[in-house]
Structure formats: structure tokens, C-alpha cells
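> Kindly return the folded structure for what I paste below:
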Amino acid sequence: MTRGESALRDAGWYEGRDVGAEAELAALRTVALVEPVVGGAVWTMFPAAARALREFHGLLLSPAGPGDDVAASGCAVDPTTARHALRPFADLGRSTGYRLFPFGRTDTGALLAVDEQGCLFSVDHGGRWQLGETVRQGLLALIEGRAPQRVAAKHWTWEAPAAGDTRPLGNTVRTALVAVYVLHHHRLFGARELRLTVTTLRGIGGAVLDDRAVPLPEGSLEESAAPLVAAMEKLIGAAGVTVRGAELKVTAAAPPNTPAPLSSVFCAVRTGHSAKTPGAVELSLSAGAGACVGQARTAVLACVEHLSRYAGRPTS
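Reported below is the predicted structural model:
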């Protein structure tokens, strides 16, 4: 038995603990005592929160030692102590795609909430954190002082290798199609189009083509490269510019109506952005805060690993 498990039992937890009526009353008080914030958000009970409160409500947990990675902290499991944090937890829920319900408060003043997947989160002056993928795991991490996972957007970049095309636009498109494959292979989403932005670098600069959509043709990705390049060349020609002296950016993003958090993930490929090495191709992957925790995080990190093998170590 670990130090944290001993602390849980010392606080009164045991396998099968169920304080149903007490937990239900606390949940009702939490919902009734808070007015909706602007935008209509309200506390809404859901099964994962109900189960967590029935098992843990009323526990006063103490730190189990000084902490393994960070300072250990105790907490009180009582949703009414975090009921006023409707706005920050509603914002967090919008980024992750799952509702949250208040759960309690730590000794240091951090507010706790559980989401629809049963994950435990906290919000404090330092940011937003996932403590564990289950409530029990999160409580043990808290009282044992194990490092939480920060809920924050992330960005990775690589210098991409040559993609078999000597033309700047062709190389950019072919690299973007690699990103399309990786996103689909790891089940984040299937992109339906590439988006083109051309920015002139002469003078003060400015986008002469801004985020123009070019649908992906049917067939294999390898077969798609030539018609995509032709369609983009047509757009560039119609705008009266050339690719020389300009930055080309091609983006693969989630299709419309993709729910959070996957809607925040996208890959971008650009070239011409560096005056010293105008032919260099930069590949990047961006993921919003909600896609960097939970099940989405696993898929995002798999994409990072795949793209790292393709292009080399991330540069940031």
C-alpha cells in the first residue's frame, strides 16, 4: 500500500464507499446556489460526477509526505467549496469538449472539478491542470505530490526534408499531404481540403491570398499532389503575384463541425519565410489546450512522434 493509499484510508475512504444521500444533497446545493454566468453556462450533474461524489464526498485528505515531484497538498471533497468557479471550469470544458462539475478545494486554494470522462482537474493562480485520468488517481497524485499535466496549448515545429519536388509550392503541398496522412492515420480527423496563404515579403509585407480553401481530390494522396499544385498555381496567378519573394503557407485543419478538442489541432507547412534559406520548408503541429490532455493527448503525441521520425527532432 502506498503512502497516498494509506492517507486515503486514514481519511475514511474504503472500497465500495457510498455516501449517496449526503453527496446528492451537496450536489443540489452546488447547483442551486450559483447563478448562470454570461452565455448561459450552469452546473449540470452527470454520471461520472455523481459516482465520484458518492465515493469521495466529505473526505478531508492530508498530504502523504513532502511530495514526490511537487509539494503535496491535502484537500476537502465538497463541491460547494468550488461552486463559484463556474466560468473557469466552463471555459475549460469548452476546450476539452467535456463538461465539468465542482468537486472540492485543496489546502492551497486550488479548485477541483471532475469531467464527464471521470478525470480530475484543478484550477489555481498558476493555470489549469489535469491531476489524473480518474478521480482516485488524481487524489493520490495530489496528496503524494506527483506532477500534474498542465492544460495548455502546444506547438511543435520541424525542418522538413525534401518531399520529392523541386518547386517551392510542390514541395510544400507534398509535405502537407504527409501531415494529412499522419492526422488521419492516428485518427484525429480526415482533412477534406488544404488552405493556402501567400504573403509577400517585399516592403511591409501582407497576405495577397489569405487562407483560401482548395479541396482534396479523390484518390490517393500521392495522386492528389499534382492537381492540388495546379489549383493553387491558378489561385496565385489570378491574384497577380508570383511565389518568388513570398511566403507560402499550406494548412491541414479539421473539417467544419469537428467537435472540441480535435477542432483545435492543425498542421501547417511553410516555405519562403526565411531570407537566409528561402527554400527551407517548415512543418508544424499545433494543438489547443483541450487536445493536450486525456484521450486526445495520446493521439496528438502519436502524431508528434510520427512527424519527428519523418522530419527529425522538433525545433521547438
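> Can you list the strands that the lowest-mean-pLDDT helix or strand in the chain pairs with?
The least trusted helix or strand in the chain, going by mean pLDDT, DSSP states H and E, turns out to be strand 206-215, with a mean of 84. Using DSSP bridges, strand 206-215 pairs in its sheet with strand 193-200 (antiparallel).
> re the thing from before, okay, buried residues for the least confident helix or strand of the chain please.
209, 212, 214 (16 or more other C-beta atoms under 10 Å). Any C-beta I mention is one placed from the backbone N, CA and C, and that applies to glycine too.
> The second one pairs with what?
According to DSSP bridges, the partner residues bridging Arg212 are Leu196.
> Does it touch Arg195 like I think?
Yes: look at Arg212 against Arg195 with C-beta atoms under 8 Å: they come within range, at 6.6 Å.
> What separation is there between the residue nearest to Arg195 when sequence neighbours are not counted and Thr258?
Excluding its sequence neighbours, the residue lying closest to Arg195 (C-beta to C-beta, 6 or more residues apart in numbering) is Thr251, at 4.5 Å. Thr251 is 14 Å from Thr258, where distance means C-beta to C-beta, to the nearest Å.
> again, but for Ala50
Counting by C-beta to C-beta, the gap from Ala50 to Thr258 is 29 Å.
> First residue to last residue on stretch 277-291, what's the distance there?
Using C-alpha to C-alpha, to the nearest Å, the end-to-end distance of stretch 277-291 comes out at 33 Å.
> and it, how far from the chain's centre?
Taking C-alpha atoms, centre = their mean, to the nearest Å, the mean C-alpha location of stretch 277-291 is offset from the chain mean by 15 Å.
> same check, this time on stretch 93-106
For stretch 93-106, the distance to the chain centre is 15 Å (C-alpha atoms, centre = their mean).
> do stretch 146-155 as well
With C-alpha atoms, centre = their mean, you get 9 Å for stretch 146-155.
> pLDDT value on Gly39, please?
Per-residue pLDDT puts Gly39 at 64.
> How about Gly240?
pLDDT, Gly240: 81.
> swap in the one 5 residues further on?
Confidence per residue is given as pLDDT, and for Gly245 that number is 76.
> Burial check on it, number of neighbours?
Counted with other C-beta atoms under 10 Å, the neighbours of Gly245 add up to 12.
> Quick check: the gap between it and Glu144.
In terms of C-beta to C-beta, Gly245 sits 57 Å off from Glu144.
> got it, and Val208?
56 Å.
> Checking my notes, Phe103 in a strand, right?
Yes: per DSSP: H, G, I helix; E, B strand; the rest coil, Phe103 lies within a strand segment.
> What sits closest to it if chain neighbours are left out?
Leu112 (4.2 Å).
> Make sure I have this right: that neighbour is in a strand.
Yes: assigned with three-state DSSP, Leu112 falls within a strand.
> from memory Ala287 sits against Ser264, does it?
Yes: between Ala287 and Ser264 there is a contact at 6.2 Å, judged by C-beta under 8 Å.
> In contact with Ser264, which residues are there?
For Ser264, the contact set (C-beta atoms under 8 Å, 6 or more residues apart in numbering) comprises 95, 153, 254, 286-291.
> try 6 Å this time
288, 291 (C-beta atoms under 6 Å, 6 or more residues apart in numbering).
> Kindly report the same for Thr166.
Thr166 neighbours (C-beta under 6 Å, 6+ apart): none.
> for it, helix, strand, or coil?
Here Thr166 is recorded as coil under three-state DSSP.
> can you offset everything so residue one is 26?
With the count now opening at 26, the last piece we talked about shows up as Thr191.
> how much space between it and Leu33?
For Thr191, the distance to Leu33 - C-beta to C-beta - is 63 Å.
> Same question for Ala278.
Per C-beta to C-beta, Ala278 is found 44 Å from Leu33.
> Equivalent analysis for Gly270, please.
When distance is defined by C-beta to C-beta, Gly270 is 64 Å away from Leu33.
> check which helix or strand covers the nearest residue to Gln142 once chain neighbours are set aside.
Ranked by C-beta to C-beta, 6+ apart and with sequence neighbours excluded, the top spatial neighbour of Gln142 is Tyr123, at 5.8 Å. Using DSSP states H and E, Tyr123 sits within no helix or strand.
> farthest residue from the center of the chain?
Within the chain, Gly265 marks the point farthest from the mean C-alpha position, 38.5 Å out by C-alpha atoms, centre = their mean.
> Could you report the neighbour count for the residue lying closest to Trp68 once chain neighbours are set aside?
Among residues not flanking Trp68 along the chain, Val56 sits closest, at 4.8 Å (C-beta to C-beta, 6+ apart). Using other C-beta under 10 Å, Val56 has 16 neighbouring residues.
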